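Trainee: all I have is the shape, not the residue letters:
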Ligand SMILES: NC(=O)c1ccc[n+]([C@@H]2O[C@H](COP(=O)([O-])OP(=O)(O)OC[C@H]3O[C@@H](n4cnc5c(N)ncnc54)[C@H](OP(=O)(O)O)[C@@H]3O)[C@@H](O)[C@H]2O)c1
């Protein structure tokens with residue numbers, strides 16, 4: 001599997017997003033474990049999760065526990081695996097999502113995630129979403145303190161605009177490793193953040209890269225240009241889509257979600273699949 005960098009850590013060019021395995025509509029645990037094991041077998045070394053990927057209020061960290069357990073029960077070498085989690089977003093259990101960006105909360109959430117994930121430090125800890133009630137600099141100050149304390153190895157942010165990226169980079173003293181924003185054929189307005197990360201050499205992790213849990217299967221119908229390239233090249237439109245993400249910058253690392261082994265086994269093919277410049281231009285315009 002081709003690799004890309006998040007700061008100094010080399011990870012697979014295609015990661016696995018854990019959300020579909022823990023929120024509404026999730027499969028049973030056996031299928032989730034099989035999906036994570038399939039990813040590891042294919043050479044995936046980046047797993048994206050969050051403490052808020054759960055349904056009920058008493059199961060915070062459901063997805064972190066699932067991923068850590070499945071990595072632990074896999075028989076192969078997992079020494080290069082990077083688990084990227086997030087804090088600052090909460091699910092009270094009624095189907096809604098809330099935010100808490102108070103520095104004391106973010107630090108407490110990171111400590112709890114570290115307990116669930118195990119090990120000496122969290123590989124990549126991302127501040128999940130800006131909290132309008134808390135100055136952004138204060139929330140990012142918590143990431144700086146977590147880095148300094150060694151609780152987290154790398155720090156990232158999510159759902160950030162260009163000003164917030166620059167502010168986070170400044171507060172972290174240049175140690176901003178990644179930005180995770182929504183980006184897909186249906187949602188391209190994060191192109192400015194993607195370009196900024198490319199310029200600064202910061203990893204850009206597009207979330208919902210295939211259009212989301214409910215729409216990913218229909219990608220080829222919704223965006224016929226992706227279907228046309230897929231048919232001509234003998235791969236799925238999802239592989240074409242992930243290759244399109246990868247073609248945008250060497251700093252882009254898509255994290256497609258999956259709840260079935262077949263999905264991630266198909267998606268990883270994008271790492272070895274190169275679009276021609278003409279195909280990329282057609283997809284950019286589609
Ligand atoms: N930072 C944030 O605020 C934020 C927000 C949302 C998501 N995320 C992260 O981003 C990740 C990706 O987003 P997402 O999971 O919402 O959406 P997505 O990756 O666009 O779509 C996920 C769905 O795509 C399907 N799929 C994956 N590969 C496929 C393939 N090759 N062929 C056909 N279908 C395929 C999967 O189906 P099956 O389930 O049937 O396998 C899965 O349910 C999440 O898992 C999460 O880690 C972050």
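Mentor: Okay, I see it. All values derive from a computational prediction rather than experimental measurement.
Trainee: tell me what the helix or strand of the chain with the lowest mean pLDDT is packed against?
Mentor: Least confident element among the helices and strands of the chain, by mean pLDDT, DSSP states H and E: helix 277-285 (a mean of 94). Under the contact criterion of 3 or more CB pairs under 8 Å, 6 or more residues apart in numbering; DSSP states H and E, helix 277-285 touches helix 224-233, helix 237-248. All C-beta atoms are positioned from the backbone trio N, CA, C, and that covers glycine.
Trainee: show residues contacting the first one.
Mentor: If you take CB atoms under 8 Å, 6 or more residues apart in numbering as the criterion, helix 224-233 is touched by 185, 219-221, 236-237, 239-241, 244, 273, 275, 279, 282-283, 285-286.
Trainee: one more: the longest one?
Mentor: Taking contacts as CB under 8 Å, 6+ apart, the residues outside helix 237-248 that touch it are 13-14, 183-185, 194, 198, 206, 209-210, 216, 219-220, 223, 226-227, 229-230, 233, 252, 254, 256, 263, 266-267, 269-271, 273-275, 279-280, 283-284.
Trainee: of those residues, which are in range of the ligand?
Mentor: 209, 210, 216, 256, 263, 266, 267 (CB under 6 Å from any ligand atom).
Trainee: which secondary structure element contains residue 177?
Mentor: strand 176-182 (DSSP states H and E).
Trainee: and that strand, anywhere near the ligand?
Mentor: Yes: with CB under 6 Å from any ligand atom as the criterion, the ligand is reached by strand 176-182 at residue 180.
Trainee: that strand pairs with which strands, parallel or anti?
Mentor: strand 152-158 (parallel), strand 203-207 (parallel) (DSSP bridges).
Trainee: pLDDT of the longest one, averaged?
Mentor: Within the predicted structure, the mean pLDDT of strand 152-158 is 98.
Trainee: repeat that for stretch 247-259.
Mentor: Stretch 247-259 comes out at a mean pLDDT of 98.
Trainee: any idea how far apart the tips of that stretch sit?
Mentor: 25 Å (CA to CA, to the nearest Å).
Trainee: starting at the chain centroid, how far to that stretch?
Mentor: Distance, stretch centre to chain centre, for stretch 247-259: 8 Å (CA atoms, centre = their mean, to the nearest Å).
Trainee: do stretch 183-196 as well
Mentor: 15 Å.
Trainee: what's the nearest residue to the residue in the stretch 151-286 of the chain positioned nearest to the ligand if we skip its chain neighbours?
Mentor: Per CB to the nearest ligand atom, residue 257 is where the stretch 151-286 of the chain lies closest to the ligand, at 2.1 Å. Of all residues not flanking residue 257 in the chain, residue 17 sits nearest, at 3.6 Å (CB to CB, 6 or more residues apart in numbering).
Trainee: ok, that neighbour to the ligand distance?
Mentor: With the distance defined as CB to the nearest ligand atom, to the nearest Å, residue 17 ends up 2 Å from the ligand.
Trainee: verify the stated contact: that residue with residue 50.
Mentor: No: contact criterion CB atoms under 8 Å: residue 17 and residue 50 do not qualify, at 9.8 Å.
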